[in-house]
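1. I'd like to go over a predicted model; first the sequence, then the structure.
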Amino acid sequence: MIRKTWSAQQADEWTKEDWIAIVLSPLCYVLITIGAALAILLQISGFIMLLIGIVLTVYLHLVIDPKLKAISNEYETKQQDYLRELEAKVRWKSINQKEP
Amino acid sequence: MTVTFTFLDWLWVVLFLLLMLGSGILFYRLGKRSESDFFLAGRGLPWWLPASSVYATHTATDTPMWITGVIYKNGMAGIWYTFFCGWAAISAFVSTRIFRRSLAYTQAEWNVVRFTGLGSELLRGWMAGWQFFMNMFVLGWVGIAMGRICEYLFAWPIWIGLIVFSLVCAVYVLAAGYWGVVMADFQQGIIAFLVIIIVSVWGIHTAGGPNGIIEKLEILGELDRMNPFAFTGWWSGDFPIAWFITMMLIAFLGGFGMGTTIDWYVEAQRIQSAKTVRDASYSIWWGTILGLIRNSVWAVAILAFFVLFPNITEPSEYEMGWFRLGFDYLPAGMLGFFFAAILAIHLSTISSHLNLGALYATRDLYQHYVNPQASQKRLVQVGRISTGILLLGSFFYGLIMEDITSWLIFALWIMAAGIWLPNILQVIWWRFNAWGYLSSWIANLGFSWLVVWILPELNVIPNLLDYQQFWILMILGALVYFPVTLLTKSEPMDHLVHYYVMSRPIGWWKPVREEAMRRGLILTNGDTASGAEQASRPLDTYPSI
């Protein structure tokens, strides 16, 4: 049900785990917000919505977290190169030119 | 009303202000190290710090007034208005991820990462100038809200509330830059959340608790106010379903794009200050849900205010409802604590916009166009000077701003309508180019004035409802930017391949992906080839426009 191991490169692809997050995330926002308001008013429907919202939030993070970790680990190895490129660009320099 | 403070009340206020000033002194050394430190805290923050900043920044002095207004008017159904921040739900896992990988300091800089050539530079310059102005504008209107609160509470002239507290805030922003902003936001976020809960619970208790509120609503014949789905029909009334659907679509689907709401520009800075892609995603997701939970608490507190004062018809009066719950009912000695929390709410927004506006002025305007060889020390100096200019400009704006609400709706909502879809297309469609995007901005500037102000004034078209304006502006804009995009060249494939390998965008990128695979930069099973980032660079192409 939940894929825990990702190669860094595979995690770069958009997969069903991302779409689960994309669909569940707005639902979690709505359920938690409306559920919390109605729960404060002691409405049964509010407690049910809030509970479903919390369970879905936990599930959402269980699904997406291993993938986000893999993406982050992989990207950090490249980040310095990309930052050098960005600095060259803001200073109108060729990428091959070195910083003074 | 006028509130009288005791010694204990003033002590709370002074202690709070000293705590905030301490942030500036403590982080002064870190803030002055480099441009990256002054504006992004060195890109090294764990997710919960930018998350607290997201929450604190978007809890402004005018936020409780606005939320009180929509809940008092529409009942619990008004809570849907507060879902304008719902874009973060999808963005946290889509556009936040893509933007963080671009490493762009600002959304203006992102334009030259995604696009290339003259079009991208025009976009960068335009967006930087516009953001500098917008941050000054936001500072002015948040400042004037504080001025009005102080006038309401202490009968001070408006300029005192506008100027004095923003000056205190400027001390730690000037000293420590984003380090000061984010560390103060963390403290302010905790104080504000705590006090919002205390005042709201106090108000709910005063109204008889949850059961007392329901009983009183029943007696008033207003039980429908508890129903979040109490709409006024499909197309008409104050809150039709068509408006609800439009709001939800705009809010949530906007998360596929960048800049679909004005809040994105603030969050973009928080995204880049997070230490990893994962931290960036969680900072946006958790910072926003915290804000939504706060709205839930507020909504119930405003229902409590409604049953206590059910017959207020003047918006300017009922919009102060939540503040009245605090100042009318909190015990002596707590009023100062409540006011300190209002200051926390105020300063967190002011500090963020001061630093953000200065970022656009420094990185995108000064460094890129005026002095590309500027040293880090010089860039930090320019950051501080820009902060000072923003502050002075905001005082000017605040004092001339009379009709805040109509300006707010126009600037934040309608002005964004025509570029909502282009803001998504730039992320998800490889063929969308700089000229198409630029034309959408220009077209929207013209169309939004025409549709919202000029044509109704000339009786050419009737005054339209908000959701009607949105869809019309979107269609009119599309009639301009789609032809412009398709009649101009796509971005160079070298540039697109480089961008694709770096950012891995979602959506329609097949030709670019295939080219990246053909070059061996991405393997067919989704693996990235070793050294892909070097191989994908279109060397020596950046400086040419």
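-> Here it is on my side, so go on. Numbers count the residues shown, from 1 in each chain, chains lettered A, B, ... in the order given.
2. okay, CA-based contacts and neighbour counts for the rest of this
-> Will do.
3. how many other residues sit next to residue 68?
-> Going with chain A. 25 (other C-alpha atoms under 10 Å in any protein chain shown).
4. wait, chain B
-> Other residues close to residue B:68 by other C-alpha under 10 Å number 30.
5. kindly report the same for residue B:314.
-> Other residues lying near residue B:314 total 8 when counted by other C-alpha under 10 Å.
6. per-residue confidence at it?
-> Predicted confidence (pLDDT) for residue B:314: 88.
7. same deal with residue B:436?
-> Confidence at residue B:436, expressed as pLDDT, is 97.
8. look up the closest residue to it, ignoring the ones flanking it.
-> residue B:485 (4.4 Å; C-alpha to C-alpha, 6 or more residues apart in numbering or on different chains).
9. name the helices or strands packed onto the helix or strand the one you found falls within?
-> Per DSSP states H and E: residue B:485 is located in helix B:466-487. Helices and strands touching helix B:466-487, as assessed by 3 or more C-alpha pairs under 8 Å, 6 or more residues apart in numbering or on different chains; DSSP states H and E, comprise helix B:241-253, helix B:415-428, helix B:434-449.
10. mind running it again at 7 Å?
-> Other elements packing on helix B:466-487 under the criterion 3 or more C-alpha pairs under 7 Å, 6 or more residues apart in numbering or on different chains; DSSP states H and E are helix B:415-428, helix B:434-449.
11. which bits of chain A sit near chain B?
-> A:9-10, A:12-14, A:21-22, A:25-26, A:29, A:33-34, A:36-37, A:41-42, A:68-69, A:72, A:83, A:89-95 (C-alpha under 7 Å from any C-alpha of the partner chain).
12. ok, of those, which come out buried?
-> The neighbour-count test (16 or more other C-alpha atoms under 10 Å in any protein chain shown) marks A:9-10, A:12-13, A:21-22, A:25-26, A:29, A:33-34, A:36-37, A:41, A:68-69, A:72, A:89-95 as buried among these.
13. how about residue B:262, phi and psi?
-> The phi/psi pair for residue B:262 (degrees, to the nearest 10) reads phi -60, psi -30.
14. give me the mean pLDDT for stretch B:250-258.
-> Computed over stretch B:250-258, the mean pLDDT rounds to 94.
15. residue contacts, residue B:59?
-> By C-alpha atoms under 7 Å, 6 or more residues apart in numbering or on different chains, residue B:59 lies in contact with residue B:345.
16. just to be sure, it is in a helix?
-> No - Residue B:59 sits outside any helix when classified using DSSP: H, G, I helix; E, B strand; the rest coil, being coil.
17. tell me the spacing between it and residue B:357.
-> For residue B:59, the distance to residue B:357 equals 18 Å [C-alpha to C-alpha, to the nearest Å].
18. again, but for residue A:10
-> Note on residue A:10: its distance to residue B:357, by C-alpha to C-alpha, is 38 Å.
19. helices or strands up against the top helix by length along chain A?
-> Longest helix in chain A by number of residues, with DSSP state H as the criterion: helix A:44-90. In terms of contacts (3+ C-alpha pairs under 7 Å, 6+ apart), helix A:44-90 is packed against helix A:8-11, helix A:16-40, helix B:277-308.
20. again, only this time at 8 Å
-> In terms of contacts (3+ C-alpha pairs under 8 Å, 6+ apart), helix A:44-90 is packed against helix A:8-11, helix A:16-40, helix B:277-308, helix B:532-535.
21. just put those helices in CSV and tack on distance to residue B:216 and mean pLDDT.
-> Conversion of these to CSV gives the following (distance: least, C-alpha to C-alpha, whole Å; pLDDT from 0 to 100):
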stretch, distance to residue B:216, mean pLDDT
helix A:8-11, 54, 82
helix A:16-40, 16, 97
helix B:277-308, 6, 96
helix B:532-535, 65, 46
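22. tell me the most buried of these?
-> helix B:277-308 (a mean of 25; mean count of other C-alpha atoms under 10 Å in any protein chain shown).
23. what about it, distance to the chain center?
-> On the basis of C-alpha atoms, centre = their mean, to the nearest Å, helix B:277-308 sits 14 Å off its chain's mean C-alpha point.
24. cool, stretch A:4-11 as well?
-> For stretch A:4-11, the distance to the chain centre is 14 Å (C-alpha atoms, centre = their mean).
25. what of stretch B:13-28?
-> Relative to its chain's centre, stretch B:13-28 lies at 25 Å (C-alpha atoms, centre = their mean).
26. now do stretch B:436-447
-> 21 Å.
27. mind listing what's buried in that stretch?
-> Using 16+ other C-alpha under 10 Å as the test for burial, stretch B:436-447 gives B:436-441, B:443-445, B:447.
28. now swap in stretch B:478-493 and tell me
-> Residues of stretch B:478-493 classed as buried by neighbour count (16+ other C-alpha under 10 Å): B:478, B:480-482, B:484-485, B:490-491.
29. ok, of the residues you listed, which one's closest to chain A?
-> residue B:491 (16.9 Å; C-alpha to the nearest C-alpha).
30. is it true that residue B:270 touches residue B:280?
-> Yes - Residue B:270 lies in contact with residue B:280 (C-alpha atoms under 8 Å); the separation is 7.4 Å.
31. check which helices and strands the least confident helix or strand in chain A by mean pLDDT sits against.
-> Across the helices and strands of chain A, mean pLDDT, DSSP states H and E gives its lowest value to helix A:8-11, namely a mean of 82. Contacts defined by 3+ C-alpha pairs under 8 Å, 6+ apart place helix A:8-11 against helix A:44-90.
32. so what's the residue count around residue B:225?
-> Neighbour number of residue B:225 under other C-alpha under 10 Å is 22.
33. excluding its backbone neighbours, what's nearest it?
-> Counting by C-alpha to C-alpha, 6+ apart, residue B:75 is the residue found nearest to residue B:225 once chain neighbours are left out, at 4.2 Å.
34. swap in residue B:227?
-> Nearest non-adjacent residue to residue B:227, counting by C-alpha to C-alpha, 6+ apart: residue B:76, 5.8 Å away.
35. residue B:299 is in contact with the one you found, correct?
-> Yes - Residue B:76 is within contact range of residue B:299, at 6.6 Å (criterion: C-alpha under 8 Å).
36. burial count for the spatially closest residue to residue B:28 that is not a sequence neighbour?
-> Distance criterion C-alpha to C-alpha, 6+ apart; nearest residue to residue B:28, sequence neighbours excluded, is residue B:176 at 4.3 Å. For residue B:176, the number of neighbouring residues by other C-alpha under 10 Å comes to 31.
37. residue B:236 too?
-> Neighbourhood size, residue B:236 [other C-alpha under 10 Å]: 13.
38. how close does it get to residue B:38?
-> 49 Å.
39. contacts only, for the residue nearest to residue B:28.
-> Neighbouring residues of residue B:176 by C-alpha atoms under 8 Å, 6 or more residues apart in numbering or on different chains: B:23-25, B:27-32, B:38.
40. please compute how far stretch B:115-124 lies from its chain's middle.
-> Worked out by C-alpha atoms, centre = their mean, stretch B:115-124 lies 24 Å from the chain centre.
41. other residues contacting that stretch?
-> The contact list for stretch B:115-124 (C-alpha under 8 Å, 6+ apart) reads B:108-112, B:364, B:433-435, B:438, B:491-492, B:495-496, B:542, B:544-545.
42. picking that back up, drop anything exposed from the contacts of residue B:176.
-> Among the contacts of residue B:176, the ones that count as buried by 16+ other C-alpha under 10 Å are B:23-24, B:27-28, B:30-32, B:38.
43. having no further points to raise, I will conclude here.
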